[in-house]
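> Fold the following for me, if possible:
(one chain, ligands or ions: 2)
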Amino acid sequence: MLRIQPFRRLWIVLGAASFGDWLGLLATALFAASQVQGSTAQGAAFGGVTAIRLLPALVLGPVAGVFADRFDRRWTMVICDLLRFVLFASIPLYALSGAAGGLVVGWALIATFLIESLTLLWIPAKEAAVPNLIPRARLEAANQLTLITTYGLTPVAAAIGLAVLDRGVRGAVGGDLPSWAEPAQLALWFNSLSRLATALVVAFGIKEISEAQRGEAERAEQSMFRQFSEGWKYIGQTPLVRGLVLGIFGAFAGGGIVVGTAKFFANSLGAGDAAFSLLFGAIFVGLALGIGLGPMVVKEMSRRRWFGMSIVLASAAVMTLAFAIHLSMAIVGAVLVGAGAGMAFLAGTTLLGGEVADEVRGRVFAVVQIGTRLVLILAIGLSSVLVGVGGSRKLEIADLGLSISSTRLLLLAAGAAGIFAGISAFGQMDDKKGVPVLADLWGSIRGRPLMPAEPFVSAGLFVVFEGGEGAGKSTQLTALAERLRGQGCDVVVTREPGATGVGRRIRSLVLDTSGDDAPSPRAEALLYAADRAHHVATVVRPALVRGGVVISDRYVDSSLAYQGAGRTLPVDEVSWLSSWATGGLKPDLVVLLDVEPHTGLSRVASRNTGTDRLEAESIAFHERVRYAFLDLAAADPKRYLVLDASRPVDEISKLVVRRVEEMLGKPGGIVHPRPAQGPDTSVQPELSDAELVTMEHKT
Ligand SMILES: Nc1ncnc2c1ncn2[C@@H]1O[C@H](COP(=O)(O)OP(=O)(O)OP(=O)(O)O)[C@@H](O)[C@H]1O
Ligand SMILES: Cc1cn([C@H]2C[C@H](O)[C@@H](COP(=O)(O)O)O2)c(=O)[nH]c1=O
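Numbering: from 1, shown residues only. Ligands and ions are numbered 1, 2, ... in the order given. Next up, the predicted model:
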């Protein structure tokens, strides 16, 4: 990541600025408190400066994003940072001028308000600019790095820095410090200079921010009001963004309730004051784990799904907190809350950066940024009031004295609301509709996420003949095709491998015995999959779309049986490969002609056409193939017609024709074995999860 120069520069200055901001946050509040006497006044000064940071969101919130989209983001960032440089420096400077403590606090409040207002303009500009500096595929790693730096490393470094500064400076001068050397003042100077440094680096070192910003002509033409209303329209009408916003707000509301009730919750565990800090620490550890390790765990999982699932995880963990009867349970719950929240934060930021168009990105980031602040304040405020008012109640149920505290009820409600928000967000954003969620999660963790079926409407019927060597597939397939053609059906007879030009070349590669260069098992599996991909795309799908009956000599099951069971490659991997190759297309009917390998191979031998590479395999190999076919059929009996292939040809033929005519002849037209609308999610235990995915059919 850090090899990308503009990103590296931005990351370094942002790290320094973030360190300065955390120092500034602590220092401004401490500084204001140190300017007045008495605990009440000091408390008011400290709280006032902290609270005032939230105020600009209410005033400036609605228009902040328009700035980021309307004006050059680089210059928006530079001007905001220069002004912040001046404002941060003005606080200690004003104190040095000898003004009264009350006036200095007053100015600190005003300056903080102005600084926060500028921050509201600066953040959407920065957030919207980052995705343009790096390739999309690296956006998540970039966000990981930025989030860990901003919310993990720098706040800890700032707290340590302030403490070290305090001790160090006091130690050096032996107790009393001149006011300019007070650590809080020094921290403000540092904060001020870090903003100057950011402004200079962004202005002269990251010109790419301006170069990559699109939509200049459009920006100039539209009025600010129009841009503002269009931003809201975009958010309201785009399911992805709606889902993201809903999910993020839900998560922050839940988080706010956890924070608001944390003190009472810690007391309810009877674990003393230290429990409060422990629980907070646990949430932060969880956050770091979620952000740092989350992507490694879910690997290639759809980020949209991951986002919704993470919110559900965090909310479910909040619910478990309501039932925690011991500190250890609460700590596990708190780590999970943090992990879910961290993953949701990372996935959400990456989705916003990667999937929201550049032209509106600033406005979307602004809404999220401001909305989350407001939701958080409301949730913390309301929940603290409610737990205070609610207290603890005893409820008598069948002589059991149950203590129901309002803290736990609130946690329960927050968890439930969060789960609802997560599921709703998931529903709005899901990019793999119909693919089973847990199976997809499990598949992703193992490195093989399920794939959604390719959008496709079949008006035809797809019949596949499977079975070992010499089972009689070609014989039966020919008989069926003739019969259906006689009835006027559009029949396409095909086979794998070798139905296409590409396929014929692949067939000779995998089956020819003339060369001494036999493909390895994995290469063989890939070659069959390549033949299948081309076959499905150019022959099978087009015929099904126009309503034909496609009859194929072999399909996916042959790979599962021959390469999976026969060659002993992992069946789920072979299955995943085929699913990918076919876009999830499954046959409507598989006719499995089951025959003893000896019988089949002797039939093949009697054809006197020689043996190919697979026919020449051992009997044990063919036995494994046979039982793999039977297992597949047993796992999905509705889709299979299993016939004893040692019976006479005509007898078998009649049974096949009867079944196919049944499927074709129902008054509603072709009968597919799956629900007529929507993808198939039926489970085939012998197959990998990826095999669960199928196409959509029309009745
Ligand atoms: N039910 C049957 N009983 C006896 N012989 C049969 C039967 N079905 C087919 N045969 C004969 O067995 C031989 C192999 O048949 P066929 O080519 O149809 O099998 P296949 O499964 O397509 O073979 P391959 O695996 O090589 O593709 C042929 O000579 C065919 O006439
Ligand atoms: C599709 C497919 C086929 N095979 C094997 C099975 C047979 O031995 C040959 C095909 O010959 P046939 O005479 O056309 O039946 O290929 C396989 O191993 N894997 C597959 O996916």
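
> Model confidence score at the closest residue in space to G503 that isn't next to it in sequence, please.
In space, and not counting its chain neighbours, G503 is closest to D531: 4.5 Å by C-beta to C-beta, 6 or more residues apart in numbering. (Each C-beta comes from the backbone N, C-alpha and C, glycine too.) Looking at D531, its pLDDT reads 98.

> Can I take it that D531 is in a strand?
No. Applying DSSP: H, G, I helix; E, B strand; the rest coil, one finds D531 to be helix, outside a strand.

> Identify the residue of the stretch 151-300 of the chain closest to ligand 2, quick one.
Proximity of the stretch 151-300 of the chain to ligand 2 (C-beta to the nearest ligand atom) peaks at E300, 24.8 Å away.

> so that residue makes contact with M451?
No. Contact criterion C-beta atoms under 8 Å: E300 and M451 do not qualify, at 10.4 Å.

> who's more crowded, the two?
Using other C-beta atoms under 10 Å, the more surrounded residue of E300 and M451 is M451, with 18 against 11.

> how close does the residue lying closest to V258 once chain neighbours are set aside sit to L186?
Leaving aside its chain neighbours, V258 sits nearest to V318 (6.1 Å; criterion: C-beta to C-beta, 6+ apart). Taking C-beta to C-beta, to the nearest Å as the measure, V318 falls 40 Å from L186.

> next one: H326
Counting by C-beta to C-beta, the gap from H326 to L186 is 44 Å.

> Need the CA coordinates for stretch 342-354. PDB is fine.
The C-alpha atoms that make up stretch 342-354 are tabulated as PDB, following Å, rounded to 0.1, in the frame of the first residue of the first chain:
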ATOM      1  CA  GLY A 342     -14.800  -2.900  13.600                       C
ATOM      2  CA  MET A 343     -15.600  -5.100  10.700                       C
ATOM      3  CA  ALA A 344     -18.800  -3.100   9.800                       C
ATOM      4  CA  PHE A 345     -16.800   0.100  10.000                       C
ATOM      5  CA  LEU A 346     -14.200  -1.200   7.700                       C
ATOM      6  CA  ALA A 347     -16.600  -2.800   5.200                       C
ATOM      7  CA  GLY A 348     -18.800   0.300   5.300                       C
ATOM      8  CA  THR A 349     -16.000   2.700   4.600                       C
ATOM      9  CA  THR A 350     -14.600   0.600   1.800                       C
ATOM     10  CA  LEU A 351     -18.000   0.200   0.200                       C
ATOM     11  CA  LEU A 352     -18.700   4.000   0.500                       C
ATOM     12  CA  GLY A 353     -15.300   4.700  -1.100                       C
ATOM     13  CA  GLY A 354     -15.400   2.000  -3.700                       C
END
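
> ok so, going back, secondary structure class of the residue nearest to V258, three-state.
helix.

> how many neighbours does A172 have?
If you count neighbours by other C-beta under 10 Å, A172 ends up with 9.

> Same question for P587.
Quick note: P587 (other C-beta under 10 Å) scores 24 neighbours.

> Nearest spatial neighbour of the most centrally placed residue in the chain, chain-adjacent residues omitted?
Nearest to the geometric centre of the chain sits R303, at 2.0 Å (C-alpha atoms, centre = their mean). Closest residue to R303 apart from its sequence neighbours, by C-beta to C-beta, 6+ apart: A347 at 5.0 Å.

> In this structure that neighbour contacts W306, no?
Yes. Here A347 reaches W306: they are 4.8 Å apart, a contact under C-beta under 8 Å.

> Tell me which of those two has more neighbours.
Applying other C-beta under 10 Å to A347 and W306 shows that A347 carries more neighbours, namely 30 against 24.

> any idea how far A159 lies from L186?
15 Å.

> Sounds good, over and out.
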